[in-house]
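Novice: fold the following for me, if possible:
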Amino acid sequence: MEHIKITDLTDEQISFQLILHSGNARSCIIQSLRAYKEGNKEEADALIAKAERDLSAAHDIHFQMIQKESGGEAADFSLLLMHSEDHLMSTLTMKELVKELLDLFQTKNL
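Specialist: The predicted model follows:
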């Protein structure tokens, strides 16, 4: 996945990039659980890997935001930024939970 420089984006575009990548990841995570339920373990694993690539892109953007703020350039707070942060954090939580569930299902041969 291509590296996105937040210096090239507006505040709104940064938020939408977080939403885009975490939303793509969330979709892959749900699809992964459904694929596993249908008996396709390989597809489930591939979808989790795809979700992790999108989350890595979102994390990189988020990290740039933190670096920018720690350098003295405060981020403008907005409802859109708050929504994008919430979206990212809930997707990260969902990914960890689904990975644990898939591991449990495989261990128990379910």
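
Novice: tell me the mean pLDDT over the strand or helix carrying residue 56?
Specialist: Here residue 56 is covered by helix 41-70, with elements defined by DSSP states H and E. Per-residue pLDDT values over helix 41-70 give a mean of 95.

Novice: show me what secondary structure element comes after that helix.
Specialist: Later in the chain than helix 41-70, the nearest helix or strand by DSSP H and E is helix 79-107.

Novice: and that next one, what does it pack onto?
Specialist: helix 11-37, helix 41-70 (3 or more CB pairs under 8 Å, 6 or more residues apart in numbering; DSSP states H and E). For the C-beta atoms, the positions are set from N, CA and C on the backbone; glycine is no exception.

Novice: check which residues of the longest one are buried.
Specialist: Applying a neighbour-count criterion of 16 or more other CB atoms under 10 Å, one finds 44-45, 47-48, 50-52, 54-55, 57-62, 64-65 buried in helix 41-70.

Novice: please compute how far it lies from its chain's middle.
Specialist: Remark: helix 41-70 is offset 5 Å from the chain centroid, using CA atoms, centre = their mean, to the nearest Å.

Novice: let me know whether residue 88 touches residue 20 as I believe.
Specialist: No - judged on CB atoms under 8 Å, residue 88 makes no contact with residue 20 at a distance of 10.7 Å.

Novice: more neighbours: which of those two?
Specialist: Taking neighbours as other CB atoms under 10 Å, residue 88 and residue 20 compare with residue 88 leading, 22 against 17.
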